[in-house]
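*Asks:* Got a sequence here, can you model it:
(2 chains)
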Amino acid sequence: MALNRSLLPDGGRQKSKADFSLATVNIVLLLVFFFLITGTLVETDELAVDLAQTEDLPLDRLPRPLLLMKPDGTWSLDGLEVTPATLLLAVNESFERLGATERVLHLLPDRTLAADQLISVLRRSDLADVEIKLVTLRVRAEP
Amino acid sequence: MAKVGRGPGDVAGDRQRRISIPSGRNGRKQSFALTPLADAMFQLLIFFMLSSSLAPYSLMTLTPGSAVAAPTSKDEQGEFGVPTIWNLSAGVVRLGITEIPVAFVQDFIDDMHERGSDQVIIFAGKSAAVQDIATVLNRLTVAGIGSVELISTEDR
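*Replies:* Below you'll find the predicted structure:
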């Protein structure tokens, strides 16, 4: 005999609501981990410059301290305005603040900046004991 | 009618009636509220999405700083060969009277390898930009050129 289930009493049981909170938290947590691992915290100004592009160098994160060299010729070190005269002091303070064991300064120049301005930083005698690295944007090589 | 007083035994009886130990069968099952946790996680997610950059950066060493490498056997024996002098201007590299676009600087590097030269001196002209230097240095780094010297027009 076929039973019509809808006519049968449900025994007082309530339908359990599906709870998606735990699944949501899991997914969002994974996204947070993704951005923590792959992303780099940046200042707004640092995203404004068009970086020089390279093809073959290995990928890296945006490190600190970071000297932003804007197209108008102004500089900022980790978001603070600096001048050529105050650069060394600001760099040393930045090394102390970061507790850096290696004295490495990273340059973030606009790609249209004159090469002379970049070389003038490299030639500074007061930065002779500081390793200087150029930050570039890696683009995919054209086939 | 005599007033009946409550003895110590009666108080104890009241207490016994008030204390109820949850049986775990009749009471509703308490669940942990996850909504505030989800809210906090979303706040963190939005913060990291807005404040971080996923751009693929690369680093190129320009000066060694205090960690200057010890002289190699090539340095001691002068095996870098005759230095090659390039003149760099906007988008163009010149070697002698030959000019090629910066994108094709690999031709000059191949020529250096054929001549056994492993040292380049680059004169950056006033019209040269950071992008030109980055392109040339990128190719030289990949080619494993041992010694590169950058000189600006102000130095001449």
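
*Asks:* Establish whether the biggest helix by length in chain B and chain A are in contact.
*Replies:* Ranked by residue count under DSSP state H, the longest helix found in chain B is helix B:35-51. Yes - applying C-beta under 8 Å from any C-beta of the partner chain, one finds that helix B:35-51 is in contact with chain A at B:35, B:37-38, B:41-42, B:44-45, B:48-49, B:51. C-beta: built from backbone N, CA, C; applies to glycine.

*Asks:* B:Leu140 and B:Ile46: what is the separation?
*Replies:* 43 Å (C-beta to C-beta, to the nearest Å).

*Asks:* okay, and the helix or strand of chain A with the least pLDDT?
*Replies:* Between all helices and strands in chain A, the lowest mean by mean pLDDT, DSSP states H and E belongs to strand A:59-60, at a mean of 74.

*Asks:* how far out from the middle of the chain is the helix or strand following that one?
*Replies:* Per DSSP states H and E, the first helix or strand lying C-terminal to strand A:59-60 is strand A:66-69. Its chain's C-alpha centre and that of strand A:66-69 lie 14 Å apart, by C-alpha atoms, centre = their mean, to the nearest Å.

*Asks:* any idea whether A:Met81 is helix, strand or coil?
*Replies:* Just to correct that, residue A:81 is Glu rather than Met. Using DSSP: H, G, I helix; E, B strand; the rest coil, the structure places A:Glu81 in strand.

*Asks:* looking at it, it is touching A:Lys70, isn't it?
*Replies:* No - the pair A:Glu81 / A:Lys70 is not scored as a contact, 10.2 Å apart, by C-beta atoms under 8 Å.

*Asks:* For the residue nearest the centre of chain A, list each beta-bridge partner.
*Replies:* Nearest to the geometric centre of chain A sits A:Thr40, at 2.1 Å (C-alpha atoms, centre = their mean). Beta-bridge partners for A:Thr40, by DSSP bridges, are B:Ser53.

*Asks:* That one and A:Trp75, how far apart?
*Replies:* According to C-beta to C-beta, A:Thr40 and A:Trp75 sit 20 Å apart.

*Asks:* Provide a list of residues in contact with the residue nearest to A:Pro65 when sequence neighbours are not counted.
*Replies:* In space, and not counting its chain neighbours, A:Pro65 is closest to A:Ser94: 3.9 Å by C-beta to C-beta, 6 or more residues apart in numbering or on different chains. Residues in contact with A:Ser94 (C-beta atoms under 8 Å, 6 or more residues apart in numbering or on different chains) are A:64-65, A:77-78, A:100.

*Asks:* before we move on, which element is A:Ser94 in?
*Replies:* Assigned by DSSP H and E, A:Ser94 falls in helix A:87-98.

*Asks:* chain center to that helix, what's the gap?
*Replies:* Centre-to-centre, helix A:87-98 and its host chain are 20 Å apart (C-alpha atoms, centre = their mean).

*Asks:* What segments of chain A are strands?
*Replies:* For chain A, the strands defined by DSSP state E occupy A:40-41, A:53-54, A:59-60, A:66-69, A:75-77, A:80-82, A:104-109, A:131-138.

*Asks:* just so I know, which of these lies nearest B:Ala129?
*Replies:* strand A:104-109 (9.3 Å; C-beta to C-beta).

*Asks:* report the angle between the axes of that closest one and strand A:131-138?
*Replies:* Strand A:104-109 runs at 40 degrees relative to strand A:131-138, counting by axes from the mean of the first three to the mean of the last three C-alpha atoms, to 10 degrees.

*Asks:* and the residue nearest to B:Ile151 when sequence neighbours are not counted, how far is that from B:Ser31?
*Replies:* Nearest residue to B:Ile151, sequence neighbours excluded (C-beta to C-beta, 6+ apart): B:Phe123, at 5.2 Å. Distance, B:Phe123 to B:Ser31, using C-beta to C-beta: 73 Å.

*Asks:* More neighbours: those two, which one.
*Replies:* B:Phe123 (18 against 8; other C-beta atoms under 10 Å in any protein chain shown).

*Asks:* Partner strands of the strand or helix carrying the more buried one and their direction?
*Replies:* Taking DSSP H and E as the definition, one finds B:Phe123 inside strand B:119-124. Paired neighbours of strand B:119-124 in the sheet (DSSP bridges): strand B:84-89 (parallel), strand B:147-152 (parallel).

*Asks:* helices and strands around the helix or strand following the first one, which ones?
*Replies:* Translated: strand B:84-89. Using DSSP H and E, the helix or strand that directly follows strand B:84-89 along the chain is strand B:92-95. Other elements packing on strand B:92-95 under the criterion 3 or more C-beta pairs under 8 Å, 6 or more residues apart in numbering or on different chains; DSSP states H and E are strand B:84-89, strand B:98-101, helix B:106-115.
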